[in-house]
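Undergrad: No sequence on hand, only this structure:
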């Protein structure tokens, strides 16, 4: 990595996740059910990613917005404890910090979400000049036709006006467009993240590997998260892959963002695609072993120990 003020520049959503596990049914009107556990965590894809790379020893800066309230103060405290520079985190005097209630059981999850300050997320508010102070920028929040042109302008400016490498996590398209023009963005992206389903939809392919090969003809590196099948990275026509790690799952919140953090840790440290995939798989696996999107996320030493131990166990079989 270059000698910059920040290792990564992260722009995106941050909110509070209130996780209520073991909810099999909601109380009837007028009734009250008691529960044994209710936990409060920092949530939001951008925030979980930043917390992950911070725990791994990198130094990210986070641009976003919280309210002038208790939850906003709590988020800043957690950021600072995890090596995240919050100097670009704005405080709104008019809107409250977003909150998501997560009701979980062994079969499924349900959510009630108040977006709060996350409603203000807009790629046009990004300060490109400040990106010059970072080695890398991680971009999320793409929403099809609603902001496609803004993302194209922004990514083009990043490549023309800064030396930062770019990662882009597309995410699920809630509009159902799966906009084909997404390919216009790929030449400005060094690391493109999707999960298997997203890759098939955006690539118009039955197989995620075929889609990744298609994407890699335009971007630097196409990385596909494939759940229990592990993950793959495609550069040009070369396909790299790493098997998944099997762990006991407690809460899958933030698993994809945790993978992204682990992979980019490897990428920015100059590791091979296979080793970067292993770092991503390891972080994604460990993140689901505890309640909350970042509670189970490892430190650098814990991640290396986990990967090595798992390798030795496989070799011993």
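TA: Looks like it came in fine. Keep in mind that this is a model prediction, so the values were computed, not measured. Numbering: from 1, shown residues only.
Undergrad: Report the contact partners of the closest residue to residue 24 other than its chain neighbours.
TA: Leaving aside its sequence neighbours, residue 24 sits nearest to residue 105 (CB to CB, 6 or more residues apart in numbering; 5.4 Å). For the C-beta atoms, the positions are set from N, CA and C on the backbone; glycine is no exception. Taking CB atoms under 8 Å, 6 or more residues apart in numbering, we find residue 105 in contact with 21-24.
Undergrad: what about 7 Å?
TA: 22-24 (CB atoms under 7 Å, 6 or more residues apart in numbering).
Undergrad: What is the neighbour count of the residue lying closest to residue 248 once chain neighbours are set aside?
TA: For residue 248, ignoring the flanking residues on the chain, the nearest one in space by CB to CB, 6+ apart is residue 289 at 6.3 Å. Counted with other CB atoms under 10 Å, the neighbours of residue 289 add up to 15.
Undergrad: Could I get the pLDDT score of residue 289?
TA: Looking at residue 289, its pLDDT is 93.
Undergrad: I figured it was touching residue 247, is that so?
TA: Yes: contact criterion CB atoms under 7 Å: residue 289 and residue 247 qualify, at 5.4 Å.
Undergrad: What strand or helix carries residue 244?
TA: Counting by DSSP states H and E, no helix or strand carries residue 244.
Undergrad: can you tell me how far it sits from residue 282?
TA: Going from residue 244 to residue 282 by CB to CB, to the nearest Å gives 10 Å.
Undergrad: between the two, who's got more neighbours?
TA: Between residue 244 and residue 282, counting by other CB under 10 Å, residue 282 is the more crowded of the two (27 against 16).
Undergrad: Test my guess that that one contacts residue 243.
TA: No: counting by CB under 7 Å, residue 282 stays clear of residue 243, with 11.1 Å between them.
Undergrad: The residue nearest to residue 248: which element?
TA: Residue 289 belongs to no helix or strand, assigned by DSSP H and E.
Undergrad: residues contacting it?
TA: 247-248, 250, 296.
Undergrad: ok, of these, which one's closest to residue 277?
TA: Of all the contacts of residue 289, residue 247 has the smallest distance to residue 277: 16.6 Å, by CB to CB.
Undergrad: quick one: the closest one and residue 285 touch, right?
TA: Yes: using CB under 7 Å, residue 247 is in contact with residue 285, at 4.8 Å.
Undergrad: okay, these two: which has more neighbours?
TA: Remark: of residue 247 and residue 285, residue 285 carries more neighbours, 24 against 16, as counted by other CB under 10 Å.
Undergrad: before we move on, the earlier item: for the contacts of residue 105, give me CSV that also has pLDDT.
TA: Output for these, formatted as CSV (pLDDT from 0 to 100):
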residue, pLDDT
22, 85
23, 85
24, 83
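Undergrad: List only those of those residues flagged as buried.
TA: By neighbour count, with 16 or more other CB atoms under 10 Å, the contacts of residue 105 hold residue 23 as buried.
Undergrad: Which of the contacts of residue 105 fall in strands?
TA: Among those, no member falls in strands (DSSP state E).
Undergrad: which one of the contacts of residue 105 sits closest to residue 33?
TA: Nearest to residue 33 among those: residue 23, at 8.5 Å, using CB to CB.
Undergrad: got the buried residues for stretch 159-175?
TA: Going by neighbour count (16+ other CB under 10 Å), the buried part of stretch 159-175 is 162, 164-171, 173.
Undergrad: And the helices in the stretch 101-250 of the chain?
TA: 128-131, 148-161, 196-203, 208-216 (DSSP state H, counting those that start in this stretch).
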